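# sequence-free structure coming up:
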């Protein structure tokens, strides 16, 4: 299997699997990309129309980037905030041999502003896992945004706490769960996160990750990832067809992974 393209929930009677968007789903295209950040931040601190307009203005900084583009190098200090508007990026730790461990995903609405706020070097690399739309917001503009919009600043602070909690959950995932449980937990988490920013439509979400990406995320080999996916299919928790992955039993999958969404 190369890329998992789409995930679909097949048990609509099960409510609460994903929080889902906090507002009505946006129309596809530019507006959908622009409001992912607003949707995410609004879940941490209610935004007003001026806040939303300010976030929408960041579209002017958006540029397309190709797969495997390094957005921020490890040990560098970025003079701009990185915001993902569309696509998947990753936070990677790499060894001299080139081997990597993916320590976080950046999905639409996620950002990295460590260099801008604290003038600290990044202890990992940020890389596009696919073709992405990414905004690089200069330090002056970003700090001005936070100064003029305290609700946005508060929401970002709370979002960082959720990112820290997610990192702890990923560490526990690798340290305490079997390979099959790790995969199940990740699929549950992505459904939750993507649903929050309006990226789940009719029970489906894009999952543009290769088996290598999944292996480097879950601390498994690519061969083991394939076996794990086959095991989930045999247990009728998911089905695979082409580039489409369907979650057949959301409640069973969540119980199997012991997934609780409170950390998000």
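In hand now; what should we look at? Nothing here was measured: the structure is a model prediction, and the numbers come from that model.

# ok, residues contacting stretch 222-234?
Residues outside stretch 222-234 that contact it (CB atoms under 8 Å, 6 or more residues apart in numbering) are 1, 179-180, 182-184, 211-212, 214-215, 218, 220, 238-240, 253. Where you see a C-beta, it was placed from the backbone N, CA and C, and this is true even at glycine.

# for it, buried residues please.
Using 16 or more other CB atoms under 10 Å as the burial criterion, the residues of stretch 222-234 that qualify are 224, 225, 228, 229, 231, 232.

# okay, the last one: pLDDT?
At residue 232, the model reports a pLDDT of 92.

# low-confidence ranges, the protein, go.
Regions of the chain meeting the criterion pLDDT under 70 cover residues 1-34, 201-204, 240-245.

# okay, now the domains of it?
For the chain, whose domains are defined here by automatic domain parsing, the residue ranges read 3-22+167-263, 30-159.

# residue ranges of the helices in the stretch 151-264 of the chain, please?
If you assign secondary structure with DSSP state H, counting those that start in this stretch, the helices in the stretch 151-264 of the chain sit at 179-196, 211-218, 222-234, 250-257.

# now do the contacts for residue 121.
By CB under 8 Å, 6+ apart, the contact set of residue 121 is 75, 76, 77, 115.

# the last one against residue 77, yeah?
Yep, that's residue 115 we're talking about. Yes - with contact defined as CB atoms under 8 Å, residue 115 counts as touching residue 77 (4.6 Å).

# so what sits against both of those two?
Here residue 115 and residue 77 have 121, 122 as joint contacts, going by CB under 8 Å, 6+ apart.

# looking at the two, which one has more neighbours?
residue 115 (19 against 14; other CB atoms under 10 Å).

# verify the stated contact: residue 61 with residue 136.
Yes - the pair formed by residue 61 and residue 136 meets the contact definition of CB under 8 Å, at 5.9 Å.
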